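Enquirer: sequence and predicted structure are below.
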Amino acid sequence: MHNDRTITEARLKRVLDERIRPAVHPESVPLEVSVWHAPGEPVPVAEGLAAPRTPVPVGTEWGPAWGTSWFTVSGAVPEAWAGRTVEALLDLGFDENMPGFQCEGLVYRPDGSPVKGLNPRNQWVRIAERATGGEPVLLHIEAAANPVILDYRPFVPTELGDRETADDAPRYRLTRMDLAVFDRTVWELVQDLDVLGQLMHELPVDAPRRWEILRAVERALDAVDLQDVGGTAERARERLTDVLAAPAHASAHRISAVGHAHIDSAWLWPLRETVRKVARTTANMTALLEDEPDFVYAMSQAQQFAWIKEHRPEVYARVKKAVAEGRFVPVGGMWVESDTNMPGSEALARQFTHGKRFFLEEFGIETEEVWLPDSFGYSAALPQLVRLAGAKWFLTQKISWSQTNTFPHHTFWWEGLDGTRVFTHFPPIDTYNSQLSGQELAHAVRNFREKGGATRSLAPTGWGDGGGGTTREMLARAKRLADLEGSAKVVFEKPAAFFEKARAEYADAPVWVGELYLELHRATLTSQARTKQGNRRSEHLLREAELWAATAAVRTGAPYPYEALDRLWKTVLLHQFHDILPGTSIAWVHREAARTYAEVAAELEVLIADALRALAGDGSATVVFNAAPHARGGVAALGAAAEESSTTPPTTVAPREGGGFVLDNGLLTVVVDERGLLVSVYDRRAGRETLAPGAPGNLLQLHQDFPNMWDAWDVDRFYRNTVTDLTDVDTLELTDDGAVLLVRTFGSSRVEQRITLPEGERRVEVATEVDWHETEKFLKAAFPLDVHTDRVAAETQFGHLHRPTHTNTTWDAAKFEACAHRFLHVEEPGWGVALVDDSTYGYDVTRSGTTTTLRLSLLRAPRFPDPRTDQGVHRFRYALVPGASVGDAVREGYRINLPERRVPGEAGVEPLVSVDNDAVVVSAVKLADDGSGDVVVRIYESLGGRASVRLTAGFEVGEVSVCDLLERPVAAGSVSLSLRPFEIVTLRLRRG
């Protein structure tokens with residue numbers, strides 16, 4: 001037989017694209033179109049429906065960036081179409097390659113009920129299955145002119161990312177507004193040929209099955225009359241019956257498809273637009289569920305459910321009905337799909353508290369899987385939190401994006417900081433936007449690393465990022481691929497069904513210990529510093545507000561602000577979404593975030609002030625409140641006391657020969673040279689120098705920073721190839737309060753620093769203000785330490801983890817930028833150094849001989865997607881702590897983030913709770929969310945060792961329970977506990 005394979009394959013492509021697909025809608029008539037362009041921001045549905053319309057023709061340009069236009073289409077079904085299936089084809093100016101990234105629409109009936117969403121891959125609306133001739137058609141479309149930010153030439157700076165800077169030019173042109181006949185038989189033929197053609201291309205050229213498919217396709221094409229596709233489609237389908245009926249091999253890989261639309265809660269669109277994206281997608285998915293009995297759709301992020309409940313109740317009613325029927329499945333159990341590197345301990349716990357509670361209260365559903373397909377790496381604290389939230393499975397696919405090393409597993413047990421394990425799956429299809437294409441399925445099979453041990457994987461199926469969801473074409477593929485020779489077996493089912501089967505067949509899966517570090521997107525730890533600082537400050541204010549409000553409620557009977565705290569927590573949790581907190585959204589998102597954080601801070605300050613006034617009482621003395629979990633300055637942890645005069649010798653400051661100053665407080669001697677750099681930090685008690693010989697500390701270093709792609713996301717290793725040390729000083733002087741003040745200018749920017757040595761403390765503090773106007777630069781603060789160590793401890797949620805200081809392996813070398821919360825710590829046996837801060841997350845560590853250099857990442861200046869990222873004034877604090885143990889690092893990290901508060905009053909305040917072991921940290925003190933008045937206390941072991949601890953309550957306790965993160969009792973408790981390393985325990989204390 002002659003080899004004509006390529007000719008037949010080319011024939012299939014052309015005939016399918018140019019003759020058969022167009023015949024799916026063989027007849028059409030135009031609809032009449034009219035429009036109202038909403039001024040400014042989107043309006044309520046009722047207002048949009050009632051607004052006056054102006055007739056416009058197809059071809060009309062519409063939509064300035066971020067504008068909303070309400071189109072009305074009207075017409076009647078032609079008499080000749082009676083009894084046929086009729087659809088409206090509504091093309092707003094779509095590019096089929098950009099679903100979720102350009103204009104979109106939501107179709108409404110005249111009564112205001114939603115029909116479905118419109119996007120580039122979903123332009124049809126069913127009018128009637130069996131139409132009546134003359135049947136009137138009237139639909140309204142709320143059309144959003146969302147501009148294309150990430151275009152075919154990606155990462156180009158644009159002003160379109162903020163309504164305040166975008167132009168008014170129309171972005172789109174109406175392309176088609178028609179009524180059309182839908183030919184089901186032709187559509188089914190398209191799906192047959194599409195599935196077989198894609199499968200054929202993935203099979204080996206010498207495989208008999210490939211040639212069987214090829215010949216069947218050839219016979220089908222021969223059966224099609226290209227001038228009468230509709231009349232011959234059934235005959236063509238008959239030629240494919242046998243090849244489509246051939247069953248899959250007994251050993252075929254099994255793929256659990258789950259309908260999905262990963263909707264970023266903000267990214268290349270503002271928060272307000274995500275509300276509408278969710279409404280469009282859920283309207284589509286509930287409609288598809290009604291049409292397809294085998295379809296299962298999963299949606300994460302409680303916040304998105306809450307949005308449509310509030311803003312689109314007519315869509316939410318359909319969602320609730322579908323959830324009750326069991327095929328619209330809430331998953332994830334978190335408030336949003338958050339970043340998991342930077343949220344603080346309590347914030348990450350509250351993601352689960354608020355997410356799972358919403359699903360329980362709204363639907364009566366206990367979500368068991370954590371669903372984070374797109375976050376930029378996963379904290380080693382997560383497994384314990386997952387289990388404490390009552391979940392047992394974890395899913396992501398993002399680690400497949402790592403640039404350097406290939407992760408060795410797809411199904412495995414993930415072990416966290418404390419030894420807790422959670423059953424985990426990485427879909428080998430390597431996308432959360434699967435279309436169930438032949439290429440994707442073949443990749444999943446080839447890629448699956450558990451062959452011989454496991455037989456199944458999961459495929460999140462549907463258009464995502466900007467939403468859209470699963471399409472009828474994807475479901476048609478799944479039906480044909482359920483049992484098809486040469487392919488994996490595909491079935492739609494709930495995520496829980498997949499996980500149950502996967503664990504049952506692979507209970508002895510391999511184990512991965514520690515964080516899931518993404519070898520990409522490392523700059524997300526630094527971009528948009530104001531957003532990160534707003535998050536850090538909000539987290540600590542929330543801690544204070546809960547602590548002092550609970551204390552005031554118990555001590556004085558003051559009302560506890562349940563509603564305000566619930567609302568404020570949810571606001572902060574929303575902004576931890578994995579494109580907001582990481583700094584990778586458009587300018588509009590971060591501009592709004594800055595305003596929101598300011599409002600959150602102002603409201604929390606009022607709540608704190610009210611509680612402190614109630615506790616301090618009347619009087620003229622100064623009462624010092626300490627919200628930190630460690631005693632300081634004579635004030636107990638979590639308590640308050642009258643301020644006492646200091647008896648500690650003051651810090652002395654003397655001029656240094658040759659310029660600069662020498663600071664001494666009896667514990668440390670600090671030398672600042674004529675350049676304003678730290679050249680000596682001598683630990684007098686230990687008798688040793690902190691800084692490496694000849695290497696100055698607090699050295700600001702500026703790098704060129706232009707990654708190969710993903711500007712706000714990435715910093716590439718080659719940024720280190722060029723560096724400018726900022727050593728020129730404009731001002732170096734002593735202030736009246738004993739601080740060394742220095743000013744530097746560089747490029748278009750200015751930095752002012754105050755270096756202080758507090759009396760009685762082994763801590764050199766640096767307060768920095770930067771007026772930043774650089775472009776594509778990276779600013780770091782370097783501390784070369786005379787410490788020989790092969791690892792650095794970096795704080796994470798509820799503990800710390802160790803990372804290497806060397807680059808022995810590619811896994812080590814890939815961690816050239818990593819995350820730390822409040823502290824970094826390096827040590828030799830018996831002596832260490834901590835570096836603590838109040839707002840930064842990114843850092844790097846290098847070693848040279850006996851020198852270990854820690855560098856804090858302070859500021860970046862990428863130009864995409866926000867062309868003015870981080871421009872303007874920034875203020876942050878960090879401190880160097882010589883002679884520090886890990887316990888000291890924990891203490892100092894809390895200290896710099898939770899300064900004491902001083903208020904007038906007359907009385908000290910006994911702590912509501914206290915613990916007798918400094919290794920055990922009180923993470924939260926609050927009243928139970930259910931309004932019972934019970935006190936909830938969360939503690940954790942912070943040093944990485946075993947700890948026995950006794951908790952003392954400053955009030956009468958009737959009963960103690962150990963709880964999960966939702967404050968549900970799971971066991972009888974005790975005030976005497978034994979904790980394993982990094983263990984988290986939540987106690988509920990019923991007041992006597």
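Expert: Right, received. Where do you want to start?
Enquirer: switch to C-alpha atoms for all contacts and neighbour counts from now on
Expert: Noted.
Enquirer: what segments of the stretch 201-350 of the chain are helices?
Expert: Along the stretch 201-350 of the chain, the segments classed as helices by DSSP state H, counting those that start in this stretch run 208-223, 229-238, 241-245, 271-291, 302-311, 313-325, 345-363.
Enquirer: any idea how far the closest residue to T869 other than its chain neighbours is from R239?
Expert: Nearest residue to T869, sequence neighbours excluded (CA to CA, 6 or more residues apart in numbering): A861, at 5.4 Å. Counting by CA to CA, to the nearest Å, the gap from A861 to R239 is 60 Å.
Enquirer: looking at these two, which has the bigger crowd around it?
Expert: A861 (27 against 19; other CA atoms under 10 Å).
Enquirer: show me the contacts for that one.
Expert: By CA atoms under 8 Å, 6 or more residues apart in numbering, the residues touching A861 are S527, E774, T775, E776, K777, F778, R868, T869, D870, Q871.
Enquirer: next one: phi and psi at the residue lying closest to the third one once chain neighbours are set aside?
Expert: By that I understand T775. Excluding its sequence neighbours, the residue lying closest to T775 (CA to CA, 6+ apart) is A861, at 5.0 Å. Phi and psi for A861, reported as degrees, to the nearest 10, are phi -150, psi 50.
Enquirer: need the per-residue pLDDT for A861.
Expert: Predicted confidence (pLDDT) at A861: the value is 98.
Enquirer: contacts only, for V33.
Expert: With CA under 8 Å, 6+ apart, V33 has these contacts: P55, V56, P57, V58, F71, T72, V73, S74, M177.
Enquirer: tell me which element the closest residue to the third one other than its chain neighbours falls in.
Expert: This means P57. Distances taken as CA to CA, 6+ apart place V33 nearest to P57, at 6.5 Å, with adjacent residues excluded. Assigned by DSSP states H and E, V33 falls within strand 32-38.
Enquirer: okay, now the sheet partners of that strand, with direction.
Expert: strand 54-55 (antiparallel), strand 68-76 (antiparallel) (DSSP bridges).
Enquirer: next SSE after that strand?
Expert: Following strand 32-38 toward the C-terminus (DSSP H and E): helix 45-50.
Enquirer: render the CA-only coordinates of that next one in PDB, please.
Expert: Presented in PDB, the C-alpha positions along helix 45-50 are these (Å, rounded to 0.1, in the frame of the first residue of the first chain):
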ATOM      1  CA  VAL A  45     -29.000  44.500  35.900                       C
ATOM      2  CA  ALA A  46     -32.400  46.100  36.200                       C
ATOM      3  CA  GLU A  47     -31.000  49.500  35.200                       C
ATOM      4  CA  GLY A  48     -29.100  48.000  32.300                       C
ATOM      5  CA  LEU A  49     -32.200  46.200  31.000                       C
ATOM      6  CA  ALA A  50     -34.400  49.300  31.300                       C
END
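Enquirer: mean confidence score for that helix?
Expert: 97.
Enquirer: do the same with stretch 548-568
Expert: Rounded mean pLDDT across stretch 548-568 is 98.
Enquirer: re earlier: from the contacts of A861, which two are the most distant?
Expert: F778 and R868 (14.1 Å; CA to CA).
Enquirer: more neighbours, the two?
Expert: More crowded of F778 and R868, by other CA under 10 Å: F778, with 25 against 18.
Enquirer: quick check: the more buried one is in a strand.
Expert: Yes - under DSSP: H, G, I helix; E, B strand; the rest coil, F778 falls within a strand.
Enquirer: who touches it in this structure?
Expert: F778 touches L702, H703, Q704, D705, S857, L858, L859, R860, A861, counting by CA under 8 Å, 6+ apart.
Enquirer: swap in 10 Å and give it another go.
Expert: 523, 526-527, 701-706, 715, 719-720, 723, 857-862 (CA atoms under 10 Å, 6 or more residues apart in numbering).
Enquirer: excluding its backbone neighbours, what's nearest V275?
Expert: W307 (5.9 Å).
Enquirer: do the same with T768
Expert: Closest to T768 by CA to CA, 6+ apart is Q753, at 4.5 Å.
Enquirer: my guess is E983 meets R387, correct?
Expert: No - look at E983 against R387 with CA atoms under 10 Å: they stay out of range, at 12.0 Å.
Enquirer: between these two, which contacts overlap?
Expert: T420.
Enquirer: circling back: and the gap between the residue nearest to P57 and W70?
Expert: In terms of CA to CA, V33 sits 10 Å off from W70.
Enquirer: do the same with L196
Expert: From L196 across to W70, the span is 41 Å (CA to CA).
Enquirer: go on, S848?
Expert: 64 Å.
Enquirer: more crowded one of the two?
Expert: The neighbour count for S848 versus W70, taken as other CA under 10 Å, is higher for W70 (24 against 11).
Enquirer: beta-bridge partners for that one, please?
Expert: Beta bridges link W70 to W36, E142 when assigned by DSSP bridges.
Enquirer: circling back to that earlier point, derive a PyMOL selection command for the buried subset of the contacts of F778.
Expert: Only the buried entries of the contacts of F778 go into this PyMOL selection, using 16 or more other CA atoms under 10 Å:
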select buried, resi 523+526+527+701+702+703+704+705+706+715+719+857+858+859+860+861+862
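Enquirer: out of the contacts of F778, list just those in strands.
Expert: The strands, defined by DSSP state E, take in Q701, L702, H703, Q704, S857, L858, L859, R860 from the contacts of F778.
Enquirer: next up, the contacts around the closest residue to A220 other than its chain neighbours.
Expert: Using CA to CA, 6+ apart and skipping residues adjacent in sequence, the residue nearest A220 is A236, 4.4 Å away. Counting by CA under 10 Å, 6+ apart, A236 makes contact with 186, 189, 192-193, 216-225, 229.
Enquirer: 8 Å instead, please
Expert: With CA under 8 Å, 6+ apart, A236 has these contacts: L189, R219, A220, L221, D222, A223, V224.
Enquirer: neighbours of D222, how many?
Expert: D222: 13 neighbours (other CA under 10 Å).
Enquirer: hmm, back to that, export the helices of the stretch 201-350 of the chain to CSV and tack on distance to D483?
Expert: Shown next, in CSV, are the helices of the stretch 201-350 of the chain (distance: least, CA to CA, whole Å):
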stretch, distance to D483
helix 208-223, 14
helix 229-238, 18
helix 241-245, 8
helix 271-291, 22
helix 302-311, 35
helix 313-325, 27
helix 345-363, 34
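Enquirer: could those helices go into a markdown table alongside mean pLDDT and distance to V936?
Expert: Formatted as a markdown table, the helices of the stretch 201-350 of the chain follow (pLDDT from 0 to 100; distance: least, CA to CA, whole Å):
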| stretch | mean pLDDT | distance to V936 |
| --- | --- | --- |
| helix 208-223 | 98 | 64 |
| helix 229-238 | 98 | 65 |
| helix 241-245 | 98 | 60 |
| helix 271-291 | 97 | 33 |
| helix 302-311 | 98 | 23 |
| helix 313-325 | 96 | 32 |
| helix 345-363 | 98 | 13 |
